[in-house]
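A.B. asks: Sharing a model that was predicted from the sequence below.
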Amino acid sequence: MIVINNPVCLPSCCSQDRKTTTLEMTNQSLVVNDSFLTPSAGGSLPWVETGSPEHNGSLEFSTDPLDFPINPWDIMLCMSGTVIACENAIVVAIIFYTPTLRTPMFVLIGSLATADLLAGMGLILNFVFRYVVSSETISLVTVGFLVASFTASISSLLAITVDRYFSLYNALTYFSEKTLQYVHLMLLGTWGVSLFLGLLPVLGWNCLDDAASCSIVRPLTRSNVTLLAVSFFVIFVLMLTLYFKICKIVCRHAHQIALQQHFFATSHYVATKKGVSTLAIILGTFGASWLPFAIYCLVGEKEYPSVYTYATLLPATYNSMINPIIYAYRNAEIQRSLYVLLCGCFQANKAYRSRSPSEV
């Protein structure tokens, strides 16, 4: 018995069967394509606007950002922290290992460099803990560490401004032992307040248990960020006031030089003017770096895109990058010590003879 799997039919019948088969295949294809367009349970199409009642055939691309494994802004913050840490570590090492750099000015520069060094290390640790060891407790400690470091950096700039003012206002008694004690007390208060503000998030002033109270910088609360921003504006106003008084003193001294030039050493006032110009540069970069972030801390909401926070925070970190360049590395004594550090095997004796205690 022969079984025919493909029976032969008449042309008219075969034509009709082919049409029927073609329609069935087309319907199956449409069913498959429609199942492709239908999202799975709980899912959504990446390129179709969700929430629309029906798909009308037009493609609407989503505006959601791509999900990168590492945020590029965090990479830039980590790179900034690396540069900050390297720059300020050199300054701290120079001041620490040079016995002649113990005057109030260099003590304050060392405080500023130490604060910026810790801030740079905090940015690096924040990147590492964010992508390697993710924990709420570690996040609180890292944020508190950054708050304390940057607060100490800003407060050290205020201390430098106060020191510059007293060096001009009380020029005759500035190099006394009492001035050094006053500087140490000022630094003790600076670092004490900075440590206190940094411990506030760790001790419970955070928004981990209340998401509604979060600020643009999680896990800091809105009230905590407002306190930090207001403190910045107070310090900035104090620095502006002291800088204005310093300019008045310099102008008065310049007038006295014109009248009694033979009683004053011109080089002393040239150095004073250089210090005032340096202070003006520091104050200008300080305001340009921190003002955008401080203002955004007051007006920003946690619902705003995070790119605004990153775009204002990144320039603020540049202040810690610029500080050692415009203040420490421009100082002649630090330049000489840096030369000894790099080329000490050739010029160590000559360099140390030029920095005897009687010449400081």
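C.D. replies: Thanks, I have the structure now. Numbering: from 1, shown residues only.

A.B. asks: Report the buried residues of stretch 291-300.
C.D. replies: For stretch 291-300, a neighbour-count test (16 or more other Cβ atoms under 10 Å) marks 291-294, 296-297, 300 as buried. No exception for glycine: its C-beta is placed from N, CA and C like everyone else's.

A.B. asks: and the residue nearest to residue 206 when sequence neighbours are not counted, which of the three is it?
C.D. replies: Nearest residue to residue 206, sequence neighbours excluded (Cβ to Cβ, 6 or more residues apart in numbering): residue 219, at 4.3 Å. Taken by DSSP: H, G, I helix; E, B strand; the rest coil, the conformation at residue 219 corresponds to coil.

A.B. asks: What is the burial count for residue 219?
C.D. replies: Counted with other Cβ atoms under 10 Å, the neighbours of residue 219 add up to 20.

A.B. asks: again with residue 156
C.D. replies: 25.

A.B. asks: Report the secondary structure element holding it.
C.D. replies: Assigned by DSSP states H and E, residue 156 belongs to helix 136-169.

A.B. asks: Tell me which other helices or strands the helix or strand just after that helix touches.
C.D. replies: Scanning forward in sequence from helix 136-169 by DSSP H and E, the next helix or strand is helix 177-202. Applying 3 or more Cβ pairs under 8 Å, 6 or more residues apart in numbering; DSSP states H and E, one finds that helix 177-202 contacts helix 104-131, helix 136-169, helix 222-259.

A.B. asks: so what's residue 174 scoring on pLDDT?
C.D. replies: pLDDT recorded at residue 174 is 77.

A.B. asks: on that earlier part again, where's the dip in pLDDT among the buried residues of stretch 291-300?
C.D. replies: Note: of the buried residues of stretch 291-300, the lowest pLDDT belongs to residue 300, at 89.

A.B. asks: For residue 118, see how far away that residue is.
C.D. replies: Look at residue 300 and residue 118: by Cβ to Cβ, to the nearest Å, they are 26 Å apart.

A.B. asks: re the thing from before, okay if I get the helices and strands packed on helix 177-202 as JSON lines plus distance to residue 215?
C.D. replies: Shown next, in JSON lines, are the helices and strands packed on helix 177-202 (distance: least, Cβ to Cβ, whole Å):
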{"stretch": "helix 104-131", "distance to residue 215": "17"}
{"stretch": "helix 136-169", "distance to residue 215": "11"}
{"stretch": "helix 222-259", "distance to residue 215": "4"}
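
A.B. asks: which stretch in these has the least confidence?
C.D. replies: With a mean of 85, helix 222-259 has the lowest mean pLDDT of these.

A.B. asks: buried stuff in it?
C.D. replies: So helix 222-259, judged by 16+ other Cβ under 10 Å, has buried residues 222, 224-225, 227-229, 231-232, 235-236, 239, 242-243, 246, 249-250, 253, 257.

A.B. asks: just stretch 132-143 next, same as before
C.D. replies: Within stretch 132-143, the residues scored as buried using 16+ other Cβ under 10 Å are 138-143.

A.B. asks: So what touches it?
C.D. replies: With contact meaning Cβ atoms under 8 Å, 6 or more residues apart in numbering, stretch 132-143 is reached by 122, 125-126, 129-130, 201-202, 206, 208, 217, 219-220.

A.B. asks: hmm, 6 Å instead?
C.D. replies: 125-126, 129, 201-202, 208 (Cβ atoms under 6 Å, 6 or more residues apart in numbering).

A.B. asks: Then stretch 207-221?
C.D. replies: By Cβ under 6 Å, 6+ apart, stretch 207-221 touches 136, 201, 206, 222, 225, 300, 302, 309.
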